[in-house]
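**Student:** Whatever this is, show me its structure:
(one chain, ligands or ions: 2)
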Amino acid sequence: MITTTGLSKVYRSRGREVTALDGVDLHVREGEVYGVIGRSGAGKSSLIRCVNLLERPTAGTVTVAGQDLTALAGRGPRASKELRQARSRIGMVFQHFNLLSTRTVQDNVELPLEILGLSGKERSAKALGLLDLVGLADKARSYPAQLSGGQKQRVGIARALAGDPKVLLSDEATSALDPETTRSVLQLLRDLNRQLGLTVLLITHEMDVVKSVCDSAALMDDGRIVESGTVGELLATPGSRLAAALFPVGGEATDDDRTVVDVTFHGEAATQPVVSRLSRTYNIDISILGAAVDTVGGLQIGRMRIELPGRYEDNVVPIGFLREQGLQIDVVDTANTPVLLKEGAK
Ligand SMILES: Nc1ncnc2c1ncn2[C@@H]1O[C@H](COP(=O)(O)OP(=O)(O)O)[C@@H](O)[C@H]1O
Ligand SMILES: [Mg+2]
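**Tutor:** Ligands and ions are numbered 1, 2, ... in the order given. Take a look at the predicted model:
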């Protein structure tokens, strides 16, 4: 549904060049919720603004629903009719809602419909239907200032849906909201994704968001996508930074002379017997430093952090044994465990 190839964006301001995107290849499938995560300044907003051509890429192509948007001419108010039409098929939700304070809720939702040239009656029917869909049928005549943050974002979502988009882009839509409101807005996005078959590309700096709603995710760093895949693929990738952040298990090595290993199991796989067999086979004491079971991207997954006596070189054989059992093994260098993404958004 969304493909970018070799997407680059270089900003030039006051004689300085900033490379915000550096050859991004993104593939978002129809009907999925795709999360892009990364620290502040990684290029997430630039990516989303290039996807709907609010920002003209410096190089590369953007294809949405089979249409090459980069081939369509014009920018800003001089954008071609084709580009404006294509863009109306892409809904956009913003962190700070971007509602017009002098217009009622209903009139805010009607705004894009005016631009599309619908009659007053059609606009009204459509806007009220959308407000009903986002659970705000009773707020049509209110003004934005009379709404809570979560309600404002629901209006923003209703407005984004006005052009019957196939794709919804969301840039930090929940960053200004408290955790409970965040959950309900994410649930709404998930429901819309399911009910309408809407493809959602969402940008966030919060791992919890990816965990609760995304089918796939990408990690951006310094204008590049450094990891991407379905949540299941990421969790099954040894050494994945995204997987470690999606599903952390605590526990530090008790001594320098120890090897710490994360054992990941999917579904029903039984780790406990494997660990005790390992202990018996090699006659070694194994300590469990931490363990967790969770649902990530709809998948049941468990992870246990264990400690083996001796350094890594001494444990090549036992680690090989664990791998032979079909378990995913990540040898953890606890001193260098990636601390991901804890910074706030810009
Ligand atoms: N309009 C702009 N002009 C100049 N530099 C910009 C502009 N927008 C973003 N940047 C720079 O591009 C880089 C990526 O920014 P951005 O895409 O906003 O990242 P993110 O959304 O991940 O925080 C940053 O270094 C930022 O300062
Ligand atoms: Mg941003």
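**Student:** buried sites along stretch 325-334?
**Tutor:** 325, 327-330, 332 (16 or more other CB atoms under 10 Å). (Each C-beta comes from the backbone N, C-alpha and C, glycine too.)
**Student:** where does the stretch 151-300 of the chain dip in pLDDT?
**Tutor:** 267-272 (pLDDT under 70).
**Student:** mind running it again at 90?
**Tutor:** 175-176, 205-212, 232-233, 235-241, 243-258, 262-278, 288, 290-300 (pLDDT under 90).
**Student:** what are the ranges of the strands in it?
**Tutor:** Listed in chain order, the strands of the stretch 151-300 of the chain (DSSP state E, counting those that start in this stretch) span 167-171, 199-204, 216-221, 224-230, 258-266, 287-296, 299-309.
**Student:** coming back round to it: put together TSV for the buried residues of stretch 325-334, with secondary structure, pLDDT and distance to Pro248 on each row.
**Tutor:** Shown next, in TSV, are those (DSSP: H, G, I helix; E, B strand; the rest coil; pLDDT from 0 to 100; distance: CB to CB, whole Å):
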residue	secondary structure	pLDDT	distance to Pro248
Gln325	coil	83	23
Leu327	coil	84	18
Gln328	strand	85	15
Ile329	strand	87	17
Asp330	strand	86	12
Val332	strand	83	11
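**Student:** winner for burial among the strands of the stretch 151-300 of the chain?
**Tutor:** strand 199-204 (a mean of 25; mean count of other CB atoms under 10 Å).
**Student:** so what strands line up beside it?
**Tutor:** Under the criterion DSSP bridges, strand 199-204 sits next to strand 33-37 (parallel), strand 167-171 (parallel) in its sheet.
**Student:** mind putting these in CSV, distance to Lys152 included?
**Tutor:** Shown next, in CSV, are the strands paired with strand 199-204 (distance: least, CB to CB, whole Å):
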stretch, distance to Lys152
strand 33-37, 22
strand 167-171, 14
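**Student:** Switch these over to JSON lines; also include distance to ligand 1.
**Tutor:** Compiled in JSON lines, the strands paired with strand 199-204 are given as follows (distance: least, CB to the nearest ligand atom, whole Å):
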{"stretch": "strand 33-37", "distance to ligand 1": "9"}
{"stretch": "strand 167-171", "distance to ligand 1": "7"}
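**Student:** pLDDT score for the closest residue to Val10 other than its chain neighbours?
**Tutor:** Nearest residue to Val10, sequence neighbours excluded (CB to CB, 6 or more residues apart in numbering): Thr58, at 4.6 Å. Thr58 is assigned a predicted lDDT (pLDDT) of 96.
**Student:** and the gap between Thr58 and Tyr143?
**Tutor:** 40 Å (CB to CB, to the nearest Å).
**Student:** Could you do Gly156 as well?
**Tutor:** 15 Å.
**Student:** Repeat that for Ser45.
**Tutor:** Ser45 sits 28 Å away from Tyr143 when distances are taken as CB to CB.
**Student:** Tell me where the stretch 51-200 of the chain has helices.
**Tutor:** 81-88, 105-115, 120-133, 149-160, 179-196 (DSSP state H, counting those that start in this stretch).
**Student:** Between Ser45 and Tyr143, tell me which one has more neighbours.
**Tutor:** Ser45 (20 against 16; other CB atoms under 10 Å).
**Student:** ok, the buried residues of stretch 325-334 vs Arg224, which is closest?
**Tutor:** Asp330 (22.9 Å; CB to CB).
**Student:** Could you list everything the nearest residue to the closest one once chain neighbours are set aside pairs with in the sheet?
**Tutor:** Spatial nearest neighbour of Asp330, chain neighbours left out: Asp262 (4.3 Å); criterion: CB to CB, 6+ apart. Bridge pairing for Asp262 (DSSP bridges) gives the partners Arg305, Asp330.
**Student:** quick one, what contacts the closest residue to Gly38 other than its chain neighbours?
**Tutor:** Of all residues not flanking Gly38 in the chain, Met220 sits nearest, at 3.5 Å (CB to CB, 6+ apart). By CB atoms under 8 Å, 6 or more residues apart in numbering, Met220 lies in contact with 24, 36-38, 42-44, 47, 226.
**Student:** And Gly38, by the same measure?
**Tutor:** Counted by CB under 8 Å, 6+ apart, Gly38 has contacts 44, 205, 219-221, 341.
**Student:** Pull the most distant pair out of the residues you listed.
**Tutor:** Farthest pair in the contacts of Gly38 (CB to CB) is His205 and Asp221. Separation: 12.3 Å.
**Student:** Find residues that contact each of those two.
**Tutor:** 38-39.
**Student:** pretty sure His205 is touching Arg39, no?
**Tutor:** Yes: counting by CB atoms under 8 Å, His205 does reach Arg39; the two are 6.6 Å apart.
**Student:** Of those two, which one has the most company?
**Tutor:** Per other CB under 10 Å, whichever of His205 and Arg39 has more neighbours is His205, with 21 against 18.
**Student:** Look up how far ligand 1 lies from the more buried one.
**Tutor:** Applying CB to the nearest ligand atom, to the nearest Å, one obtains 8 Å for the distance of His205 from ligand 1.
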